[in-house]
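just to be clear, the model below is a prediction. Sequence and coordinates:
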Amino acid sequence: MTDRQGSFDAPVEKVAVHAPAGTVVGRRTGRVRRFPGIPFAEAPTGVRRFAAPVARARFTEPFDASRPGATAQAVPLFTTTTVPEPSVPGDDVLNLGVVAPDTADDRAPFPVLVWVHGGGFLAGSPVSPWYDGRAFARDGVVTVTVGYRLGVDGFAVLDDVPANLGLRDLLLALDWVRENISAFGGDPGRVTVAGQSAGGGAVLALLSSPAGTGRFHRAVSLSGVTLDVDEAAARAFLAALGDRLGVPPTRAGFAGRGVADIQREVIGLRNERNDGPIVLGPYVGDDILPVSVVDGLAVHGRDVPLLLGATGDEFDGATAPENPHPSPDAAAGRATARAAGTRLTDTLFRAVCPRVAASRRAATAGTWLYSFEWPSPALGGATHCVDIPFFFDLLDAPGAARALGPNPPAELATRMHADLVAFVHGREPAWARATGGHGDPVREYGRPGAAFAADTTGVFDPVVHGPLVHAVSEAAKEC
């Protein structure tokens, strides 16, 4: 018997893949093969800690990748998070996981989805059960989840340290995919890079970078951000962090403290200073990001189709998790706030969509927008991260019931996941392309009473268009 995720009631058995990187041992359950912990780079320790990543040497013996690899997150950003984000101890944090259909599947070679996790560039985990690729394997897609350096180790602006080490990690992981994924049944000529929140921002950064050219062929950004970290603000934060740690804000100073110690102090300092959700992240002014992400998108990645969008409420949910019964007044207030265009959701997330579409107006490849509108009864809105189980078609994932309530709509997950699978397989979305102007069509998912393909909601930039000039449809006003 199979469930709707395509897994089987079958014993787990070992399976080996012989790739250019060496022999990799994973496990097979039914028709799904998993290799959750494959190092793609040498461990970033010692002299490599604040240096560009170095490709992992070829395995001379079979490498056991059947267990999740170490995570760059040593300390979670919050006590509880919507997405389960386990931390796995260890130094070998530059690893990736592969979930692939069985080699007997005659649809091979399969397109590839490379997933970049979120977490504000400070935290997050690539081994979250919400990122399991079993539904993609069922639908003929190889999924790769990537770990990258975070916080100070990944994005500190320090003298004698290459900027954007976290993005450099992702670029090297994409090189590994290009060179090795065919051994797992994947097609290196059909690679889609996707991510959510900071991961979605990383996707946009890679798409805008000259270094990203040729490394992937399609892109998906869920609730992506395009904040450009200010060097002066970053150095001021690092100076304050050094004071807390009792070290100079230099490469040598931070290298003398453990990753966990630094992450704890970053979180403490961030909470004290209230610097906002992004205090360390992609830096503009080096060879990876020579210009801002929005400006770079007008020049680079013009031949890469892009699907991007946001949730309707992001960080502006109507209730707290401990009060899972929003009132009718809460829904009305949410609609009023949307119409005003003054919410954090609009400014930080939804405004990214028209800006990116406008910057790519002259691109040869299309840009398509979506809006996730299903209000979680547990959180009182279409809040940040609640769309992930729908995109992955994993409504039964651990922690999903706590975030989504007891009966999330399976048909919505089926439709959203099918749209994403079709995009990864190379098909053009069924709705019209966006250009960044008023009235851009947007695929709307999950508004009560709306069709799955209701192309009715305009997503507008409150900075460009003015906070009260939202030409939203009457259907959207009823949300």
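Right, received. Where do you want to start? Numbers count the residues shown, from 1 in each chain.

hey, let's count contacts and neighbours off CA atoms from now on
OK.

run through the protein and note the low-pLDDT ranges.
Counting by pLDDT under 70, the ranges of the chain that qualify are 1-10, 104, 274-278, 317-346, 447-479.

okay, now the sheet partners of the lengthiest strand in it, with direction.
Ranked by residue count, the top strand of the chain under DSSP state E comes out as strand 186-196. The sheet places strand 186-196 alongside strand 110-116 (parallel), strand 218-222 (parallel), with pairing taken from DSSP bridges.

next secondary structure after it?
Scanning forward in sequence from strand 186-196 by DSSP states H and E, the next helix or strand is helix 198-208.

got the angle between that following helix and strand 218-222?
Taking axes from the mean of the first three to the mean of the last three CA atoms, to 10 degrees, one finds that helix 198-208 is oriented at 150 degrees with respect to strand 218-222.

what would the strands paired with strand 186-196 look like in CSV with mean neighbour count?
CSV is the format used below for the strands paired with strand 186-196 (neighbours: other CA atoms under 10 Å):
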stretch, mean neighbour count
strand 110-116, 27
strand 218-222, 27
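
adding distance to G253, write those strands out as a markdown table.
What follows is the strands paired with strand 186-196, written out as a markdown table (distance: least, CA to CA, whole Å):
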| stretch | distance to G253 |
| --- | --- |
| strand 110-116 | 29 |
| strand 218-222 | 35 |
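
of the ones you listed, which is nearest P305?
For the strands paired with strand 186-196, proximity to P305 was assessed by CA to CA; strand 218-222 is nearest, at 5.1 Å.

sorry, back to before: what's in contact with the longest strand of the chain?
Strand 186-196 is contacted by residues 100, 108-118, 141-142, 177-179, 181-182, 200-203, 216-224, 385, 424-426 when judged by CA atoms under 8 Å, 6 or more residues apart in numbering.

nearest to L170, out of the strands paired with strand 186-196?
Across these, L170 has its closest neighbour in strand 110-116 (8.3 Å, CA to CA).

which stretches of the protein form strands?
Ranges of strands within the chain are 12-19, 22-29, 32-39, 63-64, 95-101, 110-116, 142-146, 186-196, 218-222, 306-311, 367-372, 442-445, based on DSSP E.

distance from the chain centre to the longest strand of the chain, please.
For strand 186-196, the distance from its own C-alpha centre to the chain's C-alpha centre is 13 Å (CA atoms, centre = their mean, to the nearest Å).

got the CA positions of that strand in PDB?
Output in PDB follows, covering the C-alpha atoms of strand 186-196 (Å, rounded to 0.1, in the frame of the first residue of the first chain):
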ATOM      1  CA  GLY A 186      19.000  13.500 -11.900                       C
ATOM      2  CA  ASP A 187      19.400  15.600 -14.900                       C
ATOM      3  CA  PRO A 188      22.200  18.200 -14.500                       C
ATOM      4  CA  GLY A 189      20.700  20.200 -17.400                       C
ATOM      5  CA  ARG A 190      17.400  20.700 -15.500                       C
ATOM      6  CA  VAL A 191      18.200  22.100 -12.100                       C
ATOM      7  CA  THR A 192      15.800  24.400 -10.200                       C
ATOM      8  CA  VAL A 193      17.000  26.200  -7.200                       C
ATOM      9  CA  ALA A 194      14.300  27.100  -4.600                       C
ATOM     10  CA  GLY A 195      14.100  28.400  -1.100                       C
ATOM     11  CA  GLN A 196      11.900  30.100   1.500                       C
END
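
could you check the angle strand 142-146 makes with it?
Taking the same axes, to 10 degrees, strand 186-196 and strand 142-146 form an angle of 50 degrees between their directions.

what comes up buried for strand 186-196?
If you call a residue buried by 16 or more other CA atoms under 10 Å, then strand 186-196 has these buried ones: G186, D187, P188, G189, R190, V191, T192, V193, A194, G195, Q196.

same question, stretch 155-166
Using 16+ other CA under 10 Å as the burial criterion, the residues of stretch 155-166 that qualify are F155, A156, V157, L158, V161, P162, A163, N164, L165, G166.

number of nearby residues for the closest residue in space to D419 that isn't next to it in sequence?
Nearest non-adjacent residue to D419, counting by CA to CA, 6 or more residues apart in numbering: P429, 7.2 Å away. Using other CA atoms under 10 Å, P429 is surrounded by 17 other residues.

contacts only, for P429.
Applying CA under 8 Å, 6+ apart to P429 gives the contacts W368, D419, A422, F423.

out of the residues you listed, which is most surrounded?
If you count neighbours using other CA under 10 Å, the busiest of those is W368, which has 24 neighbours.

beta-bridge partners for it, please?
In this structure, W368 bridges to L307 when assessed by DSSP bridges.

which residues touch it?
The contact partners of W368, by CA under 8 Å, 6+ apart, come to L306, L307, L308, P429, W431, A432, R433, A434, V442.

would CSV of these with distance to R415 be doable?
CSV is the format used below for these (distance: CA to CA, whole Å):
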residue, distance to R415
L306, 19
L307, 15
L308, 16
P429, 12
W431, 14
A432, 18
R433, 19
A434, 21
V442, 15
